[in-house]
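*Asks:* My questions are about this predicted structure, shown below with the sequence.
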Amino acid sequence: MADSHGPVVVDQRDHVLYVRLNRPQAGNALDWSTFEGLHAAFNRLNDDPDVWVGVLTGTGDEIFCAGADLKSLPREVAEKRKQGIPLPDTIMHNLRVRKPLLCVLNGDAHGGGAELAIACDMRIAADHVRIALPEARVGMIPAGGATYRLPQLIGRGRALRMMMTGEPVSATDAYNWGLVDRVVPRTGLAEATTECVTAILGSAPLAVQTIKELVDTSATANSELIDAEAKAIARIQRTADAAEGTRAFLERRPPAWCGK
């Protein structure tokens, strides 16, 4: 039975585990409890032999995930860091899901929301969806593996354009670029999800998992890329511009960059 009140709702139906971001009042933004919920859900997807496919989506039909919750996550991370507690691992960093994971973009995906989607194996988007990586606009850089996964999906030039400008990409452009695999009207999202899941379940689960393992190994063979992104994020977080960007976002004003 799914708990509809937590920040992450998990519901198993037959061989499918449905994972839903559930903070609609905050645009399904990622706070510490959401990371904990995703960590538990992805581990369940890995560990339950009766689960063969995972589906990740969000509550509502306007926002899949607005990204990191800048009102709470930085404070929560700082408090946990003092206690020696790291951010819970997810598919964005340090947790590899061994089974196929479909992302159903019911609404816009910004920042960490886009990074979650990019870390999944396949993506279906409603036709009103927009995808953006706006971190540079608040003095930060995309995290969650976006700096090495996104170029693999859409090419270097388009990836740089998305990350350097922060401008949103429409569902149609995302499809044309290879960022999403299918675009449907929002009323057809459930049917399209069922069709995709049914098609995957038509193949032998161990064969599917082995295919994913081989593809993932070839895509992430250079672990130095992951380390480089983590080190760059830590460096950027200490800059004056990063602090200014967060303040400006919370104060709803344009940032005043200093380049330091």
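*Replies:* Arrived safely, thanks for sending.

*Asks:* which of the residues in the lowest-mean-pLDDT helix or strand in the chain are buried?
*Replies:* Among the helical and strand segments of the chain, the one scoring lowest on mean pLDDT, DSSP states H and E is helix 223-237, with a mean of 72. Residues of helix 223-237 classed as buried: E229, I233, I236, Q237 (neighbour count, 16 or more other Cβ atoms under 10 Å). C-beta: built from backbone N, CA, C; applies to glycine.

*Asks:* Between helix 223-237 and whichever strand or helix holds D241, find me the angle.
*Replies:* D241 is part of helix 240-251 when elements are defined by DSSP states H and E. The directions of helix 240-251 and helix 223-237 differ by 70 degrees, with axes from the mean of the first three to the mean of the last three Cα atoms, to 10 degrees as the criterion.

*Asks:* quick one: low-confidence parts of the stretch 151-260 of the chain?
*Replies:* When residues are selected by pLDDT under 70, those of the stretch 151-260 of the chain lie in 218-226.

*Asks:* can you pull out the helices in it?
*Replies:* For the stretch 151-260 of the chain, the helices defined by DSSP state H, counting those that start in this stretch cover 156-165, 171-177, 189-201, 205-219, 223-237, 240-251.

*Asks:* Name the stretch among these that sits most buried.
*Replies:* helix 171-177 (a mean of 18; mean count of other Cβ atoms under 10 Å).

*Asks:* List the contacts of that helix.
*Replies:* Applying Cβ atoms under 8 Å, 6 or more residues apart in numbering, the set of residues contacting helix 171-177 from outside is 105, 125-131, 153-155, 158, 169, 180-183.

*Asks:* Just checking the distance from it to the centre of its chain.
*Replies:* Remark: helix 171-177 is offset 17 Å from the chain centroid, using Cα atoms, centre = their mean, to the nearest Å.
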